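Asker: Show me the folded form of this:
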Amino acid sequence: MLMALPLMAAAEKRDDSKYLRGAVPEQNGIVTFTQTFSVPGKTQAQLYPVMQAFVKELVAKGRQDLRTRVVSDENNTIIANVEEIMTFKKKFLNWDHCYFRYLISAECTADNQVKMIITKISYYYGFDQEGKGGENYKAEEWISDKEAVNKANTKLYPRSGKFRRKTVDRAEEIFAAAQAAAQQ
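Answerer: Numbering: from 1, shown residues only. Predicted coordinates:
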């Protein structure tokens, strides 16, 4: 049994190179994921209802309370507060998760482009079954390069690293889904 421990440890080792320094972009000290993509052949008038439906679907899939709602829907830009459940690990009698909160905006420009921004990211973690007793973490204090990556830039810190991985993956997933929706 003791001889198998090194093998199990090696099997759990993951490649975090994608999540190291620079994976979480900051603008003026605020964690902000941004992506602009072109949609040739579609006008601003055609893109706007598609992005509007996309953002409203994110809101509908989020936790349904006052935090999850469309904030602004005008001038070819839709902005929404979203709160989702972010699951780190789910096993029988052990569900490691948090409430993942962010502000998303999708701006459709006259030059057939969509500019998407995910910012004001925070997490509510460590709460009990009634949703109380947890802690709030801002992305800037939790998943930034300074807070989540060791000085040698070789690994993520264990606790904040799981938040960083999931956040980077979720931002990429949202941007890819938005681009796919716009190109249909």
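Asker: any idea how far Thr154 lies from Asn76?
Answerer: For Thr154, the distance to Asn76 equals 44 Å [C-beta to C-beta, to the nearest Å]. To be clear about C-beta, it is placed using only N, CA and C from the backbone, and glycine gets the same treatment.
Asker: Same drill for these two, tell me which one is more crowded.
Answerer: Applying other C-beta atoms under 10 Å to Thr154 and Asn76 shows that Asn76 carries more neighbours, namely 17 against 11.
Asker: What sits closest to that one if chain neighbours are left out?
Answerer: Spatial nearest neighbour of Asn76, chain neighbours left out: Cys108 (4.6 Å); criterion: C-beta to C-beta, 6 or more residues apart in numbering.
Asker: and if you look at Gly29?
Answerer: Take Gly29 and drop its neighbours on the chain: the residue closest to it by C-beta to C-beta, 6+ apart is Glu140, 6.4 Å away.
Asker: quick one: the helices in this protein?
Answerer: Per DSSP state H, the chain carries helices over the ranges 5-12, 44-61, 139-142, 145-148, 158-182.
Asker: Mind listing what's buried along the last one?
Answerer: If I follow you right, that is helix 158-182. Judged by neighbour count using 16 or more other C-beta atoms under 10 Å, the buried positions of helix 158-182 are 160-168, 170-171, 174-175, 178-179, 181-182.
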